[in-house]
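Trainee: just to be clear, the model below is a prediction. Sequence and coordinates:
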Amino acid sequence: MTGRKRESTIEKPVRVDELRPWSELPTELLELIVSCLCIEDNVRFSCVCKKWQYVSHSLCVVNQSPWLLFSPAEDGLIKFFDPSQGKFYFDEIPELKATFILCSKDGWVLFSAFGYGIFLYNPFTQSIIDLPCYIIYQFSTVRVALSCAPTSPDCVVFAVETDTSCFGSQGVSIRICHPGDAQWTTFQYQITDGEPFCCGDCPVFCNGLFYCLNETSDISVGVFDPQKHTLSVLSLPSLNLPRLSCDRWRPKYMAEFKGDLLLVCVSYPDKPIIFKLELSKMKWVEMKSLNGATVFVSTHSSLVVTNVPRISSNSVYFSKPVCYGKSSYLYCLDDCRYHPTRQWCEGQFFQKSVWIRPPKMTHLLFDELY
């Protein structure tokens with residue numbers, strides 16, 4: 001029985017110089033790839049060749065998701081969480097030993113060193129800006145905020161503290177300084193009428209003024225003008241909020257967005273209720289939608305972003321204790337539910353983290369943890 005003769009084919013080796021280089025990939029395909037990359041992968045992508053670097057830099061204006069920064073450990077180890085990637089990063093910074101977080105602004109974080117005063121630190125550039133001596137203890141009633149990034153000549157550092165020891169009135173102490181000043185400028189005010197006033201969580205700078213939400217009442221907001229050095233208290237109608245049982249509480253967070261002052265009231269597992277301050281009507285107006293924006297809330301800093309890849313729009317992101325699974329969860333106003341469904345809501349005494357704004361393009365500064 002004779003079979004058909006098989007002819008073996010030998011593939012000719014392809015010369016390396018005949019292969020199409022990676023730089024010839026279509027620009028549209030490269031842009032699609034870059035749009036799906038996180039910060040550190042974007043940096044690696046830009047190192048392949050000049051064309052890839054050009055495409056990477058042309059798209060680096062895409063907003064980055066806020067990161068959650070946890071209070072430093074005793075040895076100066078800090079940890080970040082990127083909700084858009086679901087990844088943790090860490091870095092060891094000796095300067096942050098024995099410190100705790102006060103607030104953040106535009107990538108800068110204000111730290112207090114136990115017994116040594118306060119300073120500003122940028123974890124992305126590792127820059128430090130010292131401030132005039134001011135001892136703030138971890139559980140004090142001092143609340144601090146910044147008007148803008150401390151690298152700006154217009155930056156004002158604002159600190160407010162309430163003294164309720166005065167009989168029949170309340171003493172409010174406000175300190176301000178500019179980075180580079182030798183000392184703080186202090187102002188003393190007396191509040192003799194209206195609701196008892198005590199500044200709640202982190203004050204907010206909006207349209208040239210610092211706003212302080214009253215911790216003891218939702219019908220008054222303190223307003224400080226850093227130019228005129230005046231303090232006034234806005235008396236507002238009470239918020240239309242559902243009643244809570246005696247064993248539940250409702251934290252409130254303020255944030256600035258495009259010149260508007262927002263207020264997020266949270267009472268898990270109920271939906272968060274969001275208000276906008278209408279100064280013309282002198283009242284808080286409930287918002288049914290964020291119009292595509294995303295709010296990130298925490299005790300030390302809350303911020304609002306838009307058009308961030310891999311971040312749920314029209315949603316509110318929260319932080320929670322590190323020991324309970326992932327470090328953030330969200331409520332989506334579109335489907336009216338929390339994601340994931342079951343959460344352990346972070347209470348006031350568990351708040352050890354702050355949302356910070358990373359730069360739109362940065363080198364890989366941190367090691368991935370998990």
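Mentor: Now that the structure is in, tell me what you want to look at.

Trainee: strand partners (parallel or antiparallel) of whatever helix or strand Ile274 lives in?
Mentor: In this structure, Ile274 sits in strand 273-278 according to DSSP states H and E. For strand 273-278, the paired strands and their directions (DSSP bridges) are strand 260-265 (antiparallel), strand 283-287 (antiparallel).

Trainee: any weak-confidence spans in the stretch 201-350 of the chain?
Mentor: Judged by pLDDT under 70, the stretch 201-350 of the chain has its weakly predicted residues at 218, 245-248, 321-327, 341-350.

Trainee: how about the strand holding Ile274: buried residues?
Mentor: By neighbour count, and taking 16 or more other C-beta atoms under 10 Å as the criterion, the buried residues in strand 273-278 are Ile273, Ile274, Phe275, Leu277. Where you see a C-beta, it was placed from the backbone N, CA and C, and this is true even at glycine.

Trainee: please look at the third one and Met287 and confirm they touch.
Mentor: Read it as Phe275. Yes: between Phe275 and Met287 there is a contact under C-beta atoms under 8 Å: 6.5 Å.

Trainee: overlap in contacts, these two.
Mentor: By C-beta atoms under 8 Å, 6 or more residues apart in numbering, Phe275 and Met287 have these common neighbours: Leu262.

Trainee: just to revisit the earlier point, and the strands paired with strand 273-278 as a markdown table, adding distance to Ser65?
Mentor: Written out in a markdown table, the entries for those read as follows (distance: least, C-beta to C-beta, whole Å):
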| stretch | distance to Ser65 |
| --- | --- |
| strand 260-265 | 18 |
| strand 283-287 | 22 |
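
Trainee: any idea which of the ones you listed is most buried?
Mentor: strand 260-265 (a mean of 21; mean count of other C-beta atoms under 10 Å).

Trainee: span of stretch 202-219 from start to end?
Mentor: With C-alpha to C-alpha, to the nearest Å as the measure, stretch 202-219 spans 17 Å from end to end.

Trainee: give the buried residues for that stretch.
Mentor: By neighbour count, and taking 16+ other C-beta under 10 Å as the criterion, the buried residues in stretch 202-219 are 202-206, 209-215, 217-218.

Trainee: and stretch 151-162, by the same measure?
Mentor: Buried residues in stretch 151-162, counting neighbours by 16+ other C-beta under 10 Å, are found at Cys155, Val156, Val157, Phe158, Ala159, Val160, Glu161, Thr162.

Trainee: returning to that earlier point: now, which of the buried residues of stretch 202-219 sits nearest Gly292?
Mentor: Nearest to Gly292 out of the buried residues of stretch 202-219 is Cys206 (C-beta to C-beta; 20.4 Å).

Trainee: for that closest one, give the beta-bridge partners.
Mentor: Leu209.

Trainee: can you list contacts of the strand holding Ile274?
Mentor: The contact list for strand 273-278, computed with C-beta under 8 Å, 6+ apart, reads 221, 239, 241, 260-265, 283-287, 290, 295, 316.

Trainee: how near is Phe124 to Ala98?
Mentor: Distance check for Phe124 against Ala98: by C-beta to C-beta, to the nearest Å, it reads 22 Å.

Trainee: look at Glu18 and report its pLDDT.
Mentor: According to the per-residue confidence, Glu18 scores 58 in pLDDT.

Trainee: need the buried residues of stretch 202-219 in JSON lines with distance to Tyr253 and secondary structure, can you?
Mentor: Output for these, formatted as JSON lines (distance: C-beta to C-beta, whole Å; DSSP: H, G, I helix; E, B strand; the rest coil):
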{"residue": "Cys202", "distance to Tyr253": "8", "secondary structure": "coil"}
{"residue": "Pro203", "distance to Tyr253": "12", "secondary structure": "coil"}
{"residue": "Val204", "distance to Tyr253": "9", "secondary structure": "strand"}
{"residue": "Phe205", "distance to Tyr253": "15", "secondary structure": "strand"}
{"residue": "Cys206", "distance to Tyr253": "14", "secondary structure": "strand"}
{"residue": "Leu209", "distance to Tyr253": "18", "secondary structure": "strand"}
{"residue": "Phe210", "distance to Tyr253": "16", "secondary structure": "strand"}
{"residue": "Tyr211", "distance to Tyr253": "12", "secondary structure": "strand"}
{"residue": "Cys212", "distance to Tyr253": "13", "secondary structure": "strand"}
{"residue": "Leu213", "distance to Tyr253": "9", "secondary structure": "strand"}
{"residue": "Asn214", "distance to Tyr253": "14", "secondary structure": "strand"}
{"residue": "Glu215", "distance to Tyr253": "12", "secondary structure": "coil"}
{"residue": "Ser217", "distance to Tyr253": "16", "secondary structure": "coil"}
{"residue": "Asp218", "distance to Tyr253": "12", "secondary structure": "coil"}
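
Trainee: state the pair within those that is farthest apart.
Mentor: The two members of the buried residues of stretch 202-219 with the most space between them (C-beta to C-beta) are Phe205 and Ser217, at 21.9 Å.

Trainee: what's the spacing between stretch 177-187 and its chain's center?
Mentor: Its chain's C-alpha centre lies 25 Å from the corresponding centre of stretch 177-187 when counted by C-alpha atoms, centre = their mean, to the nearest Å.
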